[in-house]
Each structure stands twice: as structure tokens, then as C-alpha cells.
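Engineer: just to be clear, the model below is a prediction. Sequence and coordinates:
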Amino acid sequence: MFTRAIVRTPGRSMITGLSSADLGIPDYHLALKQHAAYIRALERCGLTVEVLPADEEHPDSTFVEDTALLTPRCAVITNPGAPTRRGESANIRAAVTRHYPELEEIESPGTVEAGDIMMTGNHFHVGLSARTNAEGARQLIALLERYGHTGSVIELKEVLHLKTGVSYLEDNNLVACGEFLAHPALRRFNIIAIPDEESYAANCIRVNDRVLMPAGYPLAEGKILSADYAVTTIDVSEFRKLDGGLSCLSLRF
Ligand code: CIR
């Protein structure tokens with residue numbers, strides 16, 4: 001059960017955020033409305049949501065998920081691989097410290113963005129991506145092992161972050177698309193396959209008794225409903241323009 005989440009209000013500077021999506025520049029005012037609806041959805045799942053103020057210096061800072069890994073046993077402040085995102089880690093530290101007495105950190109030359117980390121019970125899959133390097137993954141797994149967790153790496157080929165293409169819904173059920181559908185490292189899971197044309201919906205989150213997923217992906221929604229989950233859809237179109245999925249917008253713990 002999650003009881004809390006941390007989010008960060010998008011700043012006006014989000015329009016200069018990193019993107020490969022080719023979907024145009026986000027509409028800042030619409031993004032604010034969508035962000036507010038996202039917070040309400042988390043609250044309806046029973047979470048107390050702490051809303052951090054916009055950080056204009058970091059255009060991608062609303063994607064707080066990438067800056068820290070919070071598990072039931074430990075908190076790790078990451079070291080983003082994107083140079084424009086490096087300072088975000090320092091800025092999340094104060095918020096995380098309020099909930100975890102001790103913080104672990106990934107140190108250069110290691111880089112990790114936590115969108116590359118998928119928690120499946122006690123085991124953590126870590127994507128090796130353009131943002132998370134082998135040294136970062138090594139540090140992270142060593143830290144996790146100190147707390148009795150385990151970890152392993154998955155090399156990414158197509159997607160930005162591991163959780164861009166795969167999401168764990170608990171109960172051994174894994175939502176997956178593209179390169180992850182037949183991945184040997186994920187063979188033990190029941191795969192809920194998302195068709196290519198709706199691959200954006202492969203990033204969704206299980207929050208207590210519901211699955212939160214992006215609005216506008218009926219095939220994906222049907223598949224998750226068929227797996228017997230209660231679903232809430234949220235329009236996050238403006239964050240998609242920055243390659244950001246629904247999971248990226250919060251730290252849940
Ligand atoms: C970036 O490229 O870093 C941001 N525009 C999007 C980050 C999305 N985060 C995630 O997938 N965990």
C-alpha cells in the first residue's frame with residue numbers, strides 16, 4: 001500500500017524540456033490543469049500528495065520520478081544522465097529527507113534516472129539506457145543489496161527509460177510493449193501486451209486498488225480491464241510531448 005506521493009508543479013520553462021516526441025510544444029496552462037487532475041487521481045487512491053513548487057531552472061523537473069528511488073526500506077537519490085537534469089537531484093533531497101532518515105546517493109561517473117528502475121516485489125530491474133549507465137546500475141544494485149533487495153540489469157534498445165515500455169501491476173502481471181514483449185529477463189511474468197500503436201499506455205501505475213493510465217488508449221485500457229483491474233484514465237497529453245509518462249510525474253511510497 002502506498003500512503004504518500006511527491007509531485008512537482010511544472011514550470012513555464014517546461015516548454016524547453018527535453019523531447020524526441022515531435023508532437024509540438026506543450027501548452028503550459030493545459031499542463032497545469034492536467035497536473036492538478038493527476039494529483040486528484042492520486043488522492044482518490046488514498047494518497048497524501050506533497051506538491052513541490054515549480055523549479056524553473058530545470059525544465060524537466062516535473063518528472064520527479066527520475067530523481068529518486070523510494071522503497072519500503074531505503075531512499076536513493078539518483079544522478080540523472082541528462083546534463084540539464086543533474087541539478088534536480090539536489091532539489092528533491094529536502095522533500096525525501098522528511099520521510100527517510102538516511103539517504104543513499106548515486107555518484108558520478110555513475111548515472112541513473114529512476115524511470116529506468118522497475119520494482120517487482122523485492123527485486124529491481126534496472127534499464128541500461130542513454131540516461132542510466134553501467135556504473136550507475138552497479139552502484140544502485142550494490143546499495144539495494146545492502147537493504148536486502150536484489151537487482152539485475154536490462155539493456156534497452158528503443159525506449160527512453162525502462163518504464164516507458166513496461167509497468168509492473170503487482171500479482172505477477174506486467175504491462176509491456178515492443179522490445180519487452182518477449183524479453184528473456186521478463187519471462188516469469190504474465191505479460192499484458194500493449195499494441196504498438198498504443199505503446200504510450202505501456203507506462204501506467206498501480207496505486208493501491210487502481211491502475212492509473214493515460215486517457216485515449218482504448219485497446220490498452222481494455223486489456224488492463226480484462227485483467228480485472230479497476231482503471232482510472234488521466235489526460236497527460238502535454239507531458240507526452242516531452243516523452244514523459246504517467247509514472248514519471250510522481251514518487252509514490
Ligand atoms: C526527459 O527527457 O528527461 C524528460 N523530457 C522526460 C522524462 C520522462 N521520465 C520518465 O520516463 N521516467
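Structural biologist: Received the coordinates, thanks. These figures come from a predicted structure and were not determined experimentally.
Engineer: count the neighbours of the spatially closest residue to residue 192 that is not a sequence neighbour for me.
Structural biologist: Counting by Cβ to Cβ, 6 or more residues apart in numbering, residue 192 lies nearest to residue 175, which is 4.7 Å off, once chain neighbours are set aside. Just so you know, the C-beta spots here come from the backbone N, C-alpha and C atoms, and that holds for glycine as well. Neighbours of residue 175 under the rule other Cβ atoms under 10 Å: 29.
Engineer: my guess is residue 217 meets residue 200, correct?
Structural biologist: Yes: with contacts defined as Cβ atoms under 8 Å, residue 217 counts as touching residue 200 at a distance of 6.7 Å.
Engineer: still on that earlier bit, which ones are touching the residue nearest to residue 192?
Structural biologist: Taking Cβ atoms under 8 Å, 6 or more residues apart in numbering as the criterion, residue 175 is in contact with 166-169, 192, 194, 201-202, 204, 220, 223-224.
Engineer: cutoff 6 Å now
Structural biologist: Residue 175 is in contact with 167, 192, 202, 204, counting by Cβ atoms under 6 Å, 6 or more residues apart in numbering.
Engineer: now the residues you listed in TSV, with distance to residue 42, secondary structure and neighbour count?
Structural biologist: Putting these into TSV (distance: Cβ to Cβ, whole Å; DSSP: H, G, I helix; E, B strand; the rest coil; neighbours: other Cβ atoms under 10 Å) gives the following:
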residue	distance to residue 42	secondary structure	neighbour count
167	16	strand	28
192	22	strand	20
202	20	helix	29
204	13	coil	29
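Engineer: looking at this structure, which residue is nearest the ligand?
Structural biologist: With Cβ to the nearest ligand atom as the measure, residue 115 is the residue of the chain nearest to the ligand, at 2.2 Å.
Engineer: ok, the residue lying closest to that residue once chain neighbours are set aside to residue 114 distance?
Structural biologist: Spatial nearest neighbour of residue 115, chain neighbours left out: residue 161 (3.3 Å); criterion: Cβ to Cβ, 6+ apart. For residue 161, the distance to residue 114 equals 8 Å [Cβ to Cβ, to the nearest Å].
Engineer: picking that back up, assign the residue nearest to residue 192 to helix, strand or coil.
Structural biologist: The three-state label for residue 175, taken from DSSP: H, G, I helix; E, B strand; the rest coil, comes out as strand.
Engineer: for it, give me the pLDDT.
Structural biologist: Turning to residue 175, the model gives it a pLDDT of 98.
Engineer: so what's residue 179 up against?
Structural biologist: Listed by Cβ under 6 Å, 6+ apart, the contact set of residue 179 reads 157-158.
Engineer: hmm, try it at 8 Å
Structural biologist: 156-159, 165.
Engineer: kindly report the same for residue 103.
Structural biologist: Residues in contact with residue 103 (Cβ under 8 Å, 6+ apart) are 75-77, 93, 96-97.
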